[in-house]
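Asker: Take this sequence and fold it.
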Amino acid sequence: MAIRYTFNTTQDQYTRESLIEYTINDLVALTKLYIYWFCNKFDFLDRNSMDTSTSTSITHHEHTALPLYFILSDSHGKNLQSTIKTPYYQIKTRSISGLQWVNTYDYTLCTQTVLNSPSISSILSSATGVLFLIGTNSVRSMPALRIIQQVEAIANMIRLNHHHIDHLEKITIAATFPCLKVSSRFPTIDLLLNNINLYNQQLEILSRRLGFSFLDFHITPEHLHRDHLHLQHQYKNILHTTIVQYFDTIIAKQVKSPQSQHRTSTAITRRNKRRYEKLKEKQQQHILTRSLSQSWTIPDIKNILKHHAIKFARICSVANHKIRIQFNNTKDQQHADNLISLTFFDDNNFAIWHEQK
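Answerer: As a prediction, this is how the structure comes out:
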């Protein structure tokens, strides 16, 4: 009789149960592993994304650090903020009352010594450029030509110690403001002003020879306080405005788009023509009219306007004892309107002007 294997014995059942249990356990293990991975993969991706974003942010910050400009000033800069920030650059200022280019009696008031101090030297090491608002205390105590020698030595010293500050707009020296506070060395206003004018003339010549920038704030004696040395309160904003405009211009040159550098001559001509037409239209909206005596000539008019630091676009007409002066903007027109009285160009003022010359 044939033997039939039904696999229903106790041993067979135990074997099948063991295999089923092993399979189930193996499937559960795989399922748990999948659930663990699924639940954690997004956390991993988020953390990885965050790390990448942070790294990118840090790298971007390192590559987009704002240019730093440093201003060293005598007491004329005491009202400037210690740090001036704009979207494109930042400025650090240091004002020291009594500061001179060279002071052999007090080294704390000597520019040469101040620049070599650890704190200032550290700033210069990371600065894109430096602006000097210094000179008034020097021109009141020594001849202009001697001061120019000191300025030349200091400019050369900066370039020797800080090789990155070597291009035209890396070093800027401002013209010295008018000063009516006489000194023992220059006991009259005429002697003092002559020394200041000679210094500014020679400083501009030196800037071309050494290759640094010369900045004129166009300050006149009318801007001075009763102490005959500092600016009146209402004119102190001239410094901040002029400085920011100056550095804005420098930055604009540096970030000039490549497209504009490759314009054709025809495109440039067309663009310049449009600009000229817009400027001409703007100037026609800013006209100042004054009575004019026959004594005044066009050169005389231009010279006295320049003497009073009046920025005008052009003298558009002189007829019927009237003069019409055009300006580029409202600010220049208002400045002129405040300085040019209704009798500014009469015979009496003409005589006074020529006596002063």
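
Asker: Enumerate every residue touching I323.
Answerer: T289, R290, S291, L292, W296, I301, I315, S317, F345 (C-beta atoms under 8 Å, 6 or more residues apart in numbering). Quick note: C-beta positions are derived from backbone N, CA and C, even for glycine.

Asker: The helix or strand hosting it - which strands sit beside it in the sheet, and in what orientation?
Answerer: Secondary structure from DSSP states H and E places I323 in strand 322-326. Next to strand 322-326 in the sheet, as set by DSSP bridges, lie strand 287-291 (antiparallel), strand 314-319 (antiparallel).

Asker: just the buried members of the contacts of I323?
Answerer: R290, L292, W296, I301, F345 (16 or more other C-beta atoms under 10 Å).

Asker: got a list of what the second one touches?
Answerer: Contact analysis of L292 by C-beta under 8 Å, 6+ apart lists V318, H321, K322, I323, F345.

Asker: Could you find the lowest-pLDDT member of these?
Answerer: The pLDDT minimum for the contacts of L292 sits at V318, where the score is 77.

Asker: Model confidence at the nearest residue in space to that one that is not next to it in sequence, what's the number?
Answerer: Spatially, and ignoring its direct neighbours in sequence, V318 is nearest to L292 (6.3 Å; C-beta to C-beta, 6 or more residues apart in numbering). Looking at L292, its pLDDT is 90.

Asker: Next, give phi and psi for L292.
Answerer: phi -140, psi 130 (degrees, to the nearest 10).

Asker: which element is the closest residue to I91 other than its chain neighbours on?
Answerer: Among residues not flanking I91 along the chain, I84 sits closest, at 4.1 Å (C-beta to C-beta, 6+ apart). Using DSSP H and E, I84 sits within strand 83-85.

Asker: That strand: what's the following helix or strand?
Answerer: Where DSSP H and E defines the elements, the next helix or strand beyond strand 83-85 is strand 90-95.

Asker: what comes into contact with whichever helix or strand comes after that following strand?
Answerer: Next in sequence after strand 90-95, counting helices and strands by DSSP H and E, comes helix 111-115. Contacting residues not belonging to helix 111-115 are listed as 72, 94, 96, 99-102, 107-108, 120-121, 124, 132, 134, 150, 153-154, 157-158 [C-beta under 8 Å, 6+ apart].

Asker: Tell me how far whichever helix or strand comes after helix 111-115 lies from the chain's centre.
Answerer: Going down the chain from helix 111-115, the next helix or strand is helix 118-126, by DSSP H and E. Here helix 118-126 is found 18 Å from its chain centre; the criterion is C-alpha atoms, centre = their mean, to the nearest Å.

Asker: what angle sits between helix 118-126 and strand 90-95?
Answerer: Interaxial angle of helix 118-126 relative to strand 90-95 (axes from the mean of the first three to the mean of the last three C-alpha atoms, to 10 degrees): 150 degrees.

Asker: For helix 118-126, list every residue counted as buried.
Answerer: So, applying 16+ other C-beta under 10 Å, buried residues of helix 118-126: I120, I123, L124.

Asker: How about stretch 209-221?
Answerer: F212, S213, F217, I219.

Asker: Nearest to the spatial middle of the chain, which residue is it?
Answerer: Closest residue to the average C-alpha location of the chain: F247 at 2.5 Å, with C-alpha atoms, centre = their mean.

Asker: residue ranges with poor pLDDT in the stretch 1-150 of the chain?
Answerer: Low-confidence segments of the stretch 1-150 of the chain (pLDDT under 70): 1-64.

Asker: how about H162, what does it touch?
Answerer: By C-beta under 8 Å, 6+ apart, the residues touching H162 are L124, S125, A127.

Asker: Oh, that last question was meant for K78, not what I typed.
Answerer: S95, S97.

Asker: how close does it get to L231?
Answerer: Distance, K78 to L231, using C-beta to C-beta, to the nearest Å: 11 Å.

Asker: Quick one: the helices in the chain, in order.
Answerer: Per DSSP state H, the chain has helices spanning 10-63, 111-115, 118-126, 136-139, 144-161, 189-210, 237-254, 258-261, 265-283, 298-307, 330-339, 347-356. These are given in chain order.

Asker: hang on, I71 packs against A127?
Answerer: No - contact status for I71 versus A127: not in contact, 10.0 Å apart, counting by C-beta atoms under 8 Å.

Asker: Common neighbours of these two, please.
Answerer: K92.

Asker: out of the two, which sits in the busier spot?
Answerer: Applying other C-beta atoms under 10 Å to I71 and A127 shows that I71 carries more neighbours, namely 22 against 19.

Asker: and that one, bridged to which residues?
Answerer: Legend: beta-bridge partners of I71 under DSSP bridges are T93, L131.

Asker: Good, we can wrap up now.
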